[in-house]
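[1] just need the structure, nothing else, for what follows:
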Amino acid sequence: MGRSITVLCWNFEANGGTDATKRKEANQLLASLQPDLLFRQEMWGADAKGKSVMDSMEEDLALHGWLGPSSHTAVFATPTLFSPVRGWPDKDAETIWKMPPTVQGLRFLPAGPDAVPVVCGSYHHNYASSTQRHAEADWATTFADKTWITPAGTAVKLPVLMGGDHNSYPVPGAPGDLPLPVLEEIRDRRHRVHRSCLGPDGTRRMCTCPDETLRTAGLEDVARHIAARSGNTHSLARTVTGCATHGPDARIDRIYASEGLLPAVSDVDVIEVPLDMSDHHIVRARLDGDTPADILRQEAHTPQETGAA
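    Below is the predicted model of the structure:
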């Protein structure tokens with residue numbers, strides 16, 4: 001296959017609201033980056049007028065899209081590389097998540113019909129409650145608990161590639177990563193509550209629960225992985241710009257992958273967008289064009305302990 005595969009993750013603020021011109025400009029920006037997979041958050045209004053907004057986005061991006069419950073999230077993919085095999089519209093998720101995720105199983109066509117598909121997810125963790133984010137992160141680990149029956153009749157766990165707005169911070173420890181904000185230096189005292197949680201000793205600490213939960217479940221922050229593997233810390237760039245009320249630059253938006261997919265990740269960086277377009281920047285991951293197919297074919301012959309389907 002040769003060429004790299006581009007994966008983007010972006011929370012485009014309120015999907016442009018009622019500003020159709022702004023939304024068009026955002027779509028043009030995304031299209032210029034030539035994504036093969038796109039994880040979008042804040043898709044509000046995309047289901048309006050018979051999903052005409054969603055249809056327009058698919059046309060602008062030249063991608064096929066799946067819109068999640070209540071238009072909070074979406075997954076887009078290029079039909080020349082990815083074909084849907086099933087979705088997971090779990091109704092229980094709507095009771096757990098403030099903004100329900102979109103979870104779609106996609107077959108990577110260059111890998112062939114006998115390879116396992118990939119679980120692709122787009123999600124948006126709760127803005128104001130660390131308790132809610134904790135529950136949502138626990139639920140997100142179930143994306144990695146999906147099973148597939150191979151043509152040989154073997155049940156295997158499916159690999160995962162997913163991204164979202166975590167409204168929280170990575171666990172410290174990656175050299176070159178942005179430092180955690182200092183709670184007392186966040187001017188807006190309500191935001192101190194929104195971005196912190198009570199520690200075991202009863203004192204407040206910055207919220208890193210989603211990152212810790214996902215990585216414990218074997219889902220790795222691909223930006224952290226690239227920085228550790230290559231020493232290039234451009235992957236750890238800010239995804240939200242600091243401001244007086246909310247604190248310093250932060251890496252709120254992240255893409256995670258199953259450990260088995262990590263050898264396919266060749267680079268990660270952040271595309272900054274003007275603040276008058278969105279309050280979040282675009283995370284971009286690149287996958288080597290041939291390695292994902294090799295991995296997905298191999299996964300079909302690697303029996304694992306299985307759980308919920």
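
[2] how about the secondary structure of residue 214?
    Assigned by DSSP: H, G, I helix; E, B strand; the rest coil, the conformation of residue 214 is helix.

[3] gap between it and residue 164?
    For residue 214, the distance to residue 164 (C-beta to C-beta, to the nearest Å) stands at 10 Å. Any C-beta I mention is one placed from the backbone N, CA and C, and that applies to glycine too.

[4] more neighbours: which of these two?
    Between residue 214 and residue 164, counted using other C-beta atoms under 10 Å, the more crowded position is residue 164 (28 against 23).

[5] which SS class is residue 100?
    Here residue 100 is recorded as coil under three-state DSSP.

[6] and for residue 170?
    Assigned with three-state DSSP, residue 170 falls in the coil class.

[7] ok, now which ones touch it?
    177, 208, 211, 221, 224, 251, 254 (C-beta atoms under 8 Å, 6 or more residues apart in numbering).

[8] what pLDDT does the model give the nearest residue to residue 219 once chain neighbours are set aside?
    Leaving aside its chain neighbours, residue 219 sits nearest to residue 256 (4.3 Å; criterion: C-beta to C-beta, 6 or more residues apart in numbering). For residue 256, the pLDDT comes out at 98.

[9] okay, and the beta partners of residue 256?
    When assigned by DSSP bridges, residue 256 has beta-bridge partners residue 162, residue 221.

[10] tell me which residue is most central in the protein.
    residue 163 (0.5 Å; C-alpha atoms, centre = their mean).

[11] quick one: what helix or strand has the residue nearest to that one when sequence neighbours are not counted in it?
    Of all residues not flanking residue 163 in the chain, residue 9 sits nearest, at 3.3 Å (C-beta to C-beta, 6+ apart). Element membership of residue 9, judged by DSSP states H and E, is strand 5-11.

[12] what's the first helix or strand after that strand?
    Following strand 5-11 in sequence, per DSSP H and E, is helix 20-32.

[13] what angle separates that following helix from strand 5-11?
    150 degrees (axes from the mean of the first three to the mean of the last three C-alpha atoms, to 10 degrees).

[14] what mean pLDDT does helix 20-32 have?
    When pLDDT is averaged over helix 20-32, the result is 97.

[15] got the contact list for the worst-scoring helix or strand of the chain on mean pLDDT?
    Here the helix or strand of the chain ranked lowest by mean pLDDT, DSSP states H and E is helix 91-96, holding a mean of 82. The contact list for helix 91-96, computed with C-beta under 8 Å, 6+ apart, reads 69, 70, 100, 101, 135, 136, 139.

[16] which among these end up buried?
    Neighbour counting over these (16 or more other C-beta atoms under 10 Å) leaves 69, 100, 101, 135, 136, 139 as the buried ones.

[17] what is the nearest of the residues you listed to residue 286?
    residue 101 (23.4 Å; C-beta to C-beta).

[18] which stretches of this structure have low pLDDT?
    For the chain, the stretches with pLDDT under 70 are 1-2, 303-309.

[19] could you rerun that using 50?
    306-309 (pLDDT under 50).

[20] looks like residue 254 contacts residue 168 (just checking).
    No: Residue 254 lies out of contact with residue 168 (C-beta atoms under 8 Å); the separation is 9.7 Å.

[21] mutual contacts of the two, please.
    residue 211.

[22] what about the contacts of residue 170, which are in helices?
    211, 224 (DSSP state H).

[23] would CSV of the contacts of residue 170 with neighbour count and distance to residue 233 be doable?
    Output for those, formatted as CSV (neighbours: other C-beta atoms under 10 Å; distance: C-beta to C-beta, whole Å):
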residue, neighbour count, distance to residue 233
177, 20, 8
208, 17, 19
211, 22, 17
221, 25, 13
224, 24, 10
251, 24, 11
254, 25, 15
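
[24] closest to residue 273 among the contacts of residue 170?
    When the contacts of residue 170 are ranked by distance to residue 273 (C-beta to C-beta), residue 251 comes first, at 15.4 Å.

[25] list the contacts for that closest one?
    With contact taken as C-beta under 8 Å, 6+ apart, residue 251 is in contact with 169, 170, 177, 178, 223, 236, 237, 238, 239.

[26] okay, those in JSON lines with distance to residue 184 next?
    Formatted as JSON lines, the contacts of residue 251 follow (distance: C-beta to C-beta, whole Å):
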{"residue": "169", "distance to residue 184": "16"}
{"residue": "170", "distance to residue 184": "21"}
{"residue": "177", "distance to residue 184": "21"}
{"residue": "178", "distance to residue 184": "18"}
{"residue": "223", "distance to residue 184": "28"}
{"residue": "236", "distance to residue 184": "24"}
{"residue": "237", "distance to residue 184": "25"}
{"residue": "238", "distance to residue 184": "21"}
{"residue": "239", "distance to residue 184": "23"}
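
[27] what is the neighbour count of residue 201?
    Look at residue 201: counted by other C-beta under 10 Å, it has 6 neighbours.
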